[in-house]
Every structure is written in structure tokens, then in C-alpha cells.
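Q: Any chance you could fold what I've pasted below:
(one chain, ligands or ions: 2)
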Amino acid sequence: MRIVGLTGGIASGKSTVSNLFKAHGVPVVDADLVARDVLKKGTGGWKKVMAAFGEDILQDNGEVDRPKLGHIVFSDPDKRQLLNRLLAPYISSGIFLEILKLWMKGYKVIVLDIPLLFEANMDKWTKPIIVVWVDPETQLQRLMARDRTSPEEAKNRIQAQMPLDLKRKKADIVIDNTGSPEELKERFQKVFVHVTKPLTWTEFALSRQGAFVAFVSVFVCVIIFRKTLSW
Ligand SMILES: CC(C)(COP(=O)(O)OP(=O)(O)OC[C@H]1O[C@@H](n2cnc3c(N)ncnc32)[C@H](O)[C@@H]1O)[C@@H](O)C(=O)NCCC(=O)NCCS
Ligand SMILES: Nc1ncnc2c1ncn2[C@@H]1O[C@H](COP(=O)(O)OP(=O)(O)OP(=O)(O)O)[C@@H](O)[C@H]1O
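A: Ligands and ions are numbered 1, 2, ... in the order given. The predicted structure follows:
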């Protein structure tokens with residue numbers, strides 16, 4: 001199985017690229033969605049976060065007030081680290097479960113869309129790594145337009161992540177998304193061909209089909225061995 005890492009900065013265009021992968025039949029595990037699930041009312045993550053941040057961060061219906069918690073953690077690095085520490089085990093096991101489900105369905109190539117791939121040291125599990133890059137001004141403008149936030153709030157969120165230029169240096173493939181959506185689609189096509197090329201032997205061995213072949217081979221070897229011994 002090939003697990004393609006898709007990362008970048010906030011609002012650099014990861015979800016837009018994810019949607020292109022999905023439209024081409026490649027399944028995507030979205031770490032932001034997993035992170036939402038582990039913070040739903042009554043879950044282990046919700047209990048930990050409520051105990052650490054207090055009931056003030058809850059809405060009347062008991063769900064976490066995400067904009068409120070976001071405001072707290074994106075303006076205080078210590079609180080952000082605390083939140084990351086509390087949720088990390090739940091997020092990583094949630095991601096593992098989603099990947100396992102796709103493995104069981106027999107998918108050979110999947111995409112893991114995860115903003116904090118490098119920050120959370122999960123880059124060692126994915127190959128190749130795609131970084132969706134934009135220039136800083138475009139990133140700021142797109143973030144403010146999408147989330148309707150002030151420049152200060154948007155800058156806080158951008159600064160909460162590893163600099164996008166550093167992520168770019170760690171990438172196997174860089175998609176420059178500074179241009180129009182049409183330009184992005186053209187760039188995506190080339191990346192798609194590269195990412196969906198035939199699996200290496202190691203990737204095949206890690207796929208469900210590879211595990212099946214290994215199982216059958218061992219089974220056949222055992223039968224031949226037993227027959228040889230009984231002669
Ligand atoms: C603080 C929270 C409640 C704010 O929720 P909100 O709905 O406003 O934002 P959302 O979850 O949609 O995230 C938007 C973007 O913010 C960035 N971001 C989210 N969490 C973090 C973080 N801890 N550090 C840096 N950037 C982050 C990502 O680029 C993400 O795509 C939420 O982001 C959260 O629970 N974060 C901690 C979990 C986490 O690390 N998520 C990232 C997925 S690995
Ligand atoms: N090439 C483009 N031209 C114009 N707007 C774009 C382009 N690519 C993405 N956008 C817009 O920029 C915003 C951010 O894109 P997107 O949501 O895909 O980023 P993201 O990296 O997934 O963000 P996050 O880290 O918050 O999940 C969205 O409003 C999207 O529609």
C-alpha cells in the first residue's frame with residue numbers, strides 16, 4: 001500500500017488538492033475530520049480537553065465551542081501544545097483506523113491529508129510527501145477570505161505551524177498553488193500520474209493483496225514441506 005502524505009500550510013490548498021484526488025478515485029484520510037471526531041461531546045478527547053481547559057470552552061449543548069478554543073490556543077503557544085498533547089493519541093489512532101479500513105477494502109494508493117505531518121513526526125509513515133505551497137501574501141488573503149478572520153487572527157494561525165518554506169524543502173513533490181484553480185488542476189495532473197505509478201515491491205507487500213500472496217505462499221510451502229517429510 002502506498003500512503004501519500006499531503007500537507008502544507010493553513011489555507012495553502014490541501015483540501016482543494018484532496019478533492020481532486022477524490023474526483024480521480026483515490027481515497028483521502030482527512031486528519032482535520034478525524035480531529036473533529038475525537039473532540040465530539042462525550043469522547044475521550046472531549047473529556048481530557050474539558051478537564052484541562054474548563055467548561056468555559058463548551059457551548060450550551062455541551063459540544064466544544066471551536067472558535068473559542070481556537071482563539072485561546074492560536075494566541076498562546078503553551079495552551080496549543082497542551083491541546084496537541086491531549087489530542088495526539090486520539091488523532092493518531094483515529095488516522096490508523098481510517099487507513100486500516102481502506103487497507104481492508106483493498107485500496108493500493110491512498111492520500112493522508114494532514115496539516116501537521118512534519119510537526120507531528122508522521123512524515124516517516126508516508127511516501128511520497130506532497131507539499132501544497134503558496135506565497136505568504138496569497139496564503140494570508142485566502143485564509144482571511146475563507147474564515148472571515150482579522151489579519152491578526154489569521155497571522156496567529158499561520159505562525160502556529162512550521163514555516164511553509166521549510167515544509168517545501170522537506171517535500172518530495174511541491175505543488176505551487178499561487179496561481180488560478182485552472183493552473184492548480186494542470187499541475188495536479190502531472191502529480192497524479194507520478195503518485196499512481198505501479199507500486200514498488202515493498203508497497204505491494206504492504207497492500208492487502210501482498211499480504212494475501214504472502215499468506216498463500218507460506219501455506220503452500222508448509223504443505224510441500226510436510227509432504228516431503230512424510231516420504
Ligand atoms: C483548535 C481547534 C478546536 C479550532 O477549530 P477550528 O474549527 O477553528 O479549525 P479547524 O479544526 O478546522 O482547523 C483549521 C486549520 O487550522 C490548523 N490547525 C488546527 N490545529 C492546529 C494546531 N494544533 N497547530 C497548528 N495548526 C493547527 C490546520 O491547518 C487546520 O487545517 C481545532 O483546530 C483543534 O482541535 N486543533 C487541535 C487538533 C489538531 O492538531 N488538528 C490538526 C489535524 S492533525
Ligand atoms: N488556486 C486557487 N485560487 C483561488 N483560491 C483558491 C485556490 N486554491 C484554494 N483556494 C481557496 O483558498 C482557501 C483555502 O484552501 P483550502 O481550504 O483547500 O486550504 P487547506 O490547506 O485545506 O486549509 P486548512 O489547513 O485550513 O485545512 C479556500 O477558500 C479555497 O477555495
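Q: Could you use CA atoms for every contact and neighbour count after this?
A: Noted.
Q: now the helices: where do they sit in this structure?
A: For the chain, the helices defined by DSSP state H occupy 14-23, 31-37, 44-53, 66-74, 77-104, 136-147, 151-159, 164-170, 181-195, 201-205, 208-229.
Q: just flag whichever of the ones you listed has the lowest average confidence.
A: Ranked by mean pLDDT, the helices of the chain bottom out at helix 208-229, with a mean of 91.
Q: Ligand 2 contacts on this structure?
A: By CA under 6 Å from any ligand atom, the part of the chain that sits against ligand 2 consists of 9-16, 115, 142, 146, 177, 179-181, 184.
Q: cutoff 5 Å now
A: 10, 11, 12, 13, 14, 15, 16, 142, 146, 180, 181 (CA under 5 Å from any ligand atom).
Q: that older thread, can you put the helices of the chain in a markdown table and add distance to residue 2?
A: A markdown table is the format used below for the helices of the chain (distance: least, CA to CA, whole Å):
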| stretch | distance to residue 2 |
| --- | --- |
| helix 14-23 | 14 |
| helix 31-37 | 17 |
| helix 44-53 | 29 |
| helix 66-74 | 33 |
| helix 77-104 | 10 |
| helix 136-147 | 29 |
| helix 151-159 | 29 |
| helix 164-170 | 19 |
| helix 181-195 | 9 |
| helix 201-205 | 6 |
| helix 208-229 | 11 |
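Q: Neighbour-wise, give me the winner out of the residues of the chain next to ligand 2.
A: Counting neighbours by other CA atoms under 10 Å, residue 12 leads the residues of the chain next to ligand 2 with 27 neighbours.
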